[in-house]
Every structure is written in C-alpha cells, then in structure tokens.
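**Q** just a sequence and a predicted model for now, questions to come.
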Amino acid sequence: MVGVRAVTSLTNPTVKAVRALHMRKERDETGLFVAEGLKTVTEGVELGQAPRVLLFGQDAAHHPLLQQAAAATRSVGGEVIEVTSDILAKVSRRDNPQAVVGVFRQVFRPLAEVEAGASACVVALHRVRDPGNLGTIVRTADAAGCGGVILVGECCDPYAVEAVRATMGSIFAVPLTKASEAEFTAWRQDWKGSMVGALLSAETDHRRAEYRKPTLILMGNEQQGLPEDMAALCDVNVKIPMRGRADSLNLSVATGVMIYAATG
C-alpha cells in the first residue's frame, strides 16, 4: 500500500501516543479517541470523519475498506501504519485485538444547536457513570433515529474505549452534547415538545404518558436515578412496571424502553 510505514516497536512514539488514549486525561488534552475494528473505522470514514492515525495488521492489509480508510487518513495528513499483532494487542488492551485501529477527533455539538429536527426524540442522561451503558444507549439512539444524546452534569466519557466499543460504530452517527445542570435547565425552557423523565416513584405508566413530539427523554444515573431538581423539569415523570422480583432495569435497557415508547 502506498504511503504506509511499518512499525514493530512498542516504544514507537506514535504507538505510545495511541496507547495513552485509554486515559481520560490524555483524551481530554488531545481531543482524540480510539476506535477499534474495520467496521467501526469505516463508519467514521463514511460519515465524513477521517482517522488521524490508522494502525492495521497484516490480516487486513488488502481489504478494500482498509484502502478507503487509508486514503481518507492521508487526505487529512494522518499517518497510516502497518503494525504487528503484539502492538495491536497493546494498543487495544485485548488478547484478541481487532486488525484495525483508528484514532479520530472527538466531536461535541453545542447545546444551543440541539434540536430534534426530523427525529421524534432526543435523549438526555444525568450523570451516567458506566461507559458500557452509555455506549449501548448511543447505539440504541442511533437505531431508533434519535436526534442526539445530551450528557448532563458529571458523566463518564462517551469517548472511552469501552463506550466506543459498545456503540458498534454509532459514536459517529449520533450527535453528542455536554452540558452542566444549570445550562441544561436554562436550555430546556425553549424545548418545543414534551420532556419525559423516568422515575421509580412515578405513578404514570410509561405506556400511558403523552409523548408530544419531539420528545426529550431524561434518564437518571445507575445508582440514584433522577434527583428531584431534574425530575421537576419534566412535563411528566413515568415508571416502567416491574412484574417480577427485580425492582429495576439496567440503565441502558430502561433507556431503550423509553426511546421506543417515545418514537413508536
């Protein structure tokens, strides 16, 4: 492949820089993140986001999608590097690593620009803590055609490797926004549709609530749910009935139920 260099050393500066992106501090400082797998990298390229660094193993060297990703990387002045399986394992911190790893720029949409557009629903998450949950929610929001995900307050990083893995490529398709509680509270006043919160103590069944389009779904975090001040912002708070012994759902599952109630 034209314009490719080979690296075999784990101490190579570029390899070390990619490995460092597993740390949030490094991601915050550089504005970069790691996406693993040819499918995920291809999703980024097809949605107009070219890798800044593209690492690949011999197994993927001749795949036509890799050729496209390499061309996109070179078009923005990025590096295309063939590496060993040992390097891929270190970069991904997995015993069975993907054959392709891309480094991309993070993208956050300003809160002032958030609107539902043609979609029926936007999701807001208050202080979500688990990157796997967050990634799964982003993937579900993509599947349902939601207009975006807003991270309210101190949330986990949507560009953590675990979160990106869980999105299965949807990290590139769903607009992400960060906001403080105060910013979100002020912005919410101009929301044109309804705002529905999920609350264990609510009396209204989620299937019987009015979801006035566009609907803003607000979910609390895994441990505490929605605090009173956030619940008070909603037009209605709803509960998802529990018929078995379990008294609650995993956050990503509950959010999926709410998304499809709002978009159905």
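**A** Received it, and whenever you're ready, just let me know what you need.

**Q** mind listing the helices for the protein?
**A** Secondary structure of the chain (DSSP state H): helices located at 13-20, 24-30, 38-46, 64-75, 85-92, 131-143, 161-167, 181-188, 228-231, 251-263.

**Q** contacts only, for the nearest residue to residue 192 once chain neighbours are set aside.
**A** The shortest distance from residue 192 to any non-neighbouring residue, by Cβ to Cβ, 6 or more residues apart in numbering, is to residue 214 (6.7 Å). Backbone N, C-alpha and C define where each C-beta goes, glycine included. If you count contacts by Cβ atoms under 8 Å, 6 or more residues apart in numbering, residue 214 has them with 115, 116, 119, 120, 121, 122, 147, 192, 193.

**Q** on that earlier part again, which one of the helices of the chain lies closest to residue 222?
**A** Proximity of these to residue 222 was assessed by Cβ to Cβ; the nearest stretch is helix 251-263, lying at 5.0 Å.

**Q** what angle separates the closest one from helix 131-143?
**A** Direction vectors for helix 251-263 and helix 131-143, defined by axes from the mean of the first three to the mean of the last three Cα atoms, to 10 degrees, enclose an angle of 20 degrees.

**Q** start the count at 52 instead of 1 going forward.
**A** Okay, residue one is now 52; in that scheme the one you just asked about reads as helix 302-314.

**Q** same for helix 302-314, what does it pack against?
**A** Of the remaining helices and strands, those touching helix 302-314 by 3 or more Cβ pairs under 8 Å, 6 or more residues apart in numbering; DSSP states H and E are strand 172-177, helix 182-194, strand 245-249, strand 266-270.

**Q** CA atoms only: put that helix into PDB for me.
**A** Taking C-alpha atoms only, helix 302-314 is exported to PDB below (Å, rounded to 0.1, in the frame of the first residue of the first chain):
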ATOM      1  CA  LEU A 302     -30.000   1.900  32.700                       C
ATOM      2  CA  SER A 303     -29.300   1.100  29.000                       C
ATOM      3  CA  VAL A 304     -32.300  -1.300  28.900                       C
ATOM      4  CA  ALA A 305     -34.600   1.200  30.600                       C
ATOM      5  CA  THR A 306     -33.500   4.000  28.200                       C
ATOM      6  CA  GLY A 307     -34.200   1.700  25.300                       C
ATOM      7  CA  VAL A 308     -37.700   1.100  26.500                       C
ATOM      8  CA  MET A 309     -38.300   4.800  26.900                       C
ATOM      9  CA  ILE A 310     -36.800   5.600  23.500                       C
ATOM     10  CA  TYR A 311     -39.100   3.200  21.700                       C
ATOM     11  CA  ALA A 312     -42.100   4.400  23.800                       C
ATOM     12  CA  ALA A 313     -41.400   7.900  22.600                       C
ATOM     13  CA  THR A 314     -40.700   7.100  19.000                       C
END
